[in-house]
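Student: the following comprises the amino acid sequence and a computationally predicted model.
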Amino acid sequence: MHGKLHWSAGAVLYQYGYSLGCRKGVKDCSFSSSPVVDRCEASLYISNNAGELYSLSLRSPHFNWVQDLSSFDKNFTVTPGNNGRLYVTVPPLSLVLTLDVLKGNILWQTSIGPLGSAECEPVVDSNGWVSIGSLDGFLYSISPTGALKKYSKASEQDYVIQVSPHLDCSGNAIYMSQTEMEGKVVRTVGESTCVSAMKPKGVLFTMLVPATGVIHWSESYPGKVSSMLSQSDLKNFVLDEGLLLSFIAASTFVVVNAAGTGKPLPCRSKRNERTIVLFLLLESILLVILAGLVRFCCIFWTKKKLQDQGLGSFLEKRRSLQLKKKEFDRTITQLEKKAANEAVAHEVIEEIGDLVRERESISRKLSTTYSLGRDIGKGLRSESLLPKSSSDDDDIFGKGYHRSSSEPTSSSKAYANPFFMEQELTQEELNDEGKVGDDQQQASAEIEACG
């Protein structure tokens, strides 16, 4: 990005059996091709003048593998695929080699028709099909498994394909051009096939899907294509069929299929910002939740009671305390309703104060020692549920009960001081569970006695 050198790779001594990067010798051995980048595999491919193909990692200056292709020819072109394959085209032999990108092994080789030039390269679509045109007029398409298909819109006897096909913006279809030639002659000399012709008469442009063989669009030049060009700025330029095919593949011309429904293949979207934002947002939410769970687990497993009793006993004790707290809440509610509706004995009011203290002790344990969070030594500061009296004639529970003249003005049992209760509960432990049950039974008995 900034023009700085990150790493460099040169001749390597005795790696993969190659002395100084060349197997057959070190004299006049050098890289002779332009590097080809494989973005899917993060690799770079380059060949030397001895017919040896190198695979380098983009992340480090190391060779992944070296494959000797000199038995085929020293001149070839390399085309990276998108399915773990690497395609090597050997024009003199009309061969397409399929290599494994991991180890460089030759998986299979396919014979095709004669090629127009050494620069004629195949194109790989999104389905993994590799397609290349031939001078015999056919488009050769090879599947990811090595199956071969031949396509020709017009009679191959009068047509040749001289330029490489172009990939459609959908990634599934390709554009090819077949040139109609005058006086086409095909001769076979030994293992080579030669094609000669006098002059071109016209060009047929076709859009098809190699995986299915479906032709979505086809027009000729001269013809409708020439009329489209006459309406654009391209009429001021001299174009060959290669440039014209590139313009057609990249243009906004509306291509219509046989059914007349318009352009059948939507273009691939390189950037879907909304999807990316939603994905990043979802990923952030999941990371926050995961961080919260990790923090909770770290705090939870450091609790002293959990380490002493074990997880099963800890959860059972916590559940038991929760059930007891519910029983206390129910009993206190019943006593308060009883005291508010009718006159009750002074012992019932004292019993309510005792039950409130017992409940506060259980609540303290559930929020500290037996909580799901960290152990906190601070006590809970809560107010008494019992109403305060401001005068001798005030109603303690709202109505139904009045203090008699013989009863004391204040009672430490009947009226709980929150500050005093908090200091008392910090030293209180509910170790005797039977005591809680006795208090509940006694409270129930008081209710029946008052009734």
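Tutor: Received it, and whenever you're ready, just let me know what you need.

Student: measure the nearest residue to residue 164 once chain neighbours are set aside to residue 46 for me?
Tutor: Once flanking residues are discounted, residue 164 sits nearest to residue 121: 5.0 Å by C-beta to C-beta, 6 or more residues apart in numbering. The way it works is simple: take the backbone N, C-alpha and C, and place the C-beta from them, glycine included. Distance of residue 121 to residue 46, computed by C-beta to C-beta, to the nearest Å: 16 Å.

Student: likewise residue 127?
Tutor: For residue 127, the distance to residue 46 equals 28 Å [C-beta to C-beta].

Student: what stretches of the protein score poorly on pLDDT?
Tutor: Where the chain drops to pLDDT under 70, the residues are 1-3, 6-27, 117-119, 154-156, 191, 223-241, 251-266, 268-272, 341-345, 373-451.

Student: so where's the longest strand in it?
Tutor: Scanning the chain for the strand with the most residues, using DSSP state E, yields strand 199-209.

Student: contact partners of that strand?
Tutor: Here strand 199-209 makes contact (C-beta atoms under 8 Å, 6 or more residues apart in numbering) with 125, 139, 151, 153-154, 159, 168, 172-183, 214-223, 225, 241, 244-245, 248, 255, 265.

Student: ok, of the residues you listed, which come out buried?
Tutor: 125, 139, 151, 153, 159, 168, 172-181, 216-221, 225, 241, 244-245, 248, 255, 265 (16 or more other C-beta atoms under 10 Å).

Student: which strands or helices does the longest helix anywhere in the chain pack on?
Tutor: If you go by DSSP state H, the chain has its longest helix at helix 311-341. Counting contacts by 3 or more C-beta pairs under 8 Å, 6 or more residues apart in numbering; DSSP states H and E, helix 311-341 is packed against helix 304-309, helix 346-367, helix 433-450.

Student: hang on, the earlier thing: next step: the contacts of strand 199-209 restricted to strands.
Tutor: Among the contacts of strand 199-209, DSSP E puts 139, 151, 159, 174-182, 214-221 in strands.

Student: now the longest strand of the chain: buried residues?
Tutor: Within strand 199-209, the residues scored as buried using 16+ other C-beta under 10 Å are 202, 203, 204, 205, 206, 207, 208, 209.

Student: in the sheet, who's paired with the third one?
Tutor: With DSSP bridges as the criterion, residue 204 is bridged to residue 178, residue 220.

Student: and the gap between residue 318 and residue 358?
Tutor: Distance from residue 318 to residue 358, by C-beta to C-beta: 17 Å.

Student: more crowded one of those two?
Tutor: residue 358 (23 against 18; other C-beta atoms under 10 Å).

Student: residue 331 is in contact with the more buried one, correct?
Tutor: No: applying C-beta atoms under 8 Å, one finds residue 358 not in contact with residue 331, separated by 9.8 Å.

Student: now distance to residue 77 too, for the buried residues of strand 199-209, in CSV please.
Tutor: Formatted as CSV, these follow (distance: C-beta to C-beta, whole Å):
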residue, distance to residue 77
202, 28
203, 24
204, 25
205, 24
206, 23
207, 24
208, 23
209, 24
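
Student: done for today, thanks.
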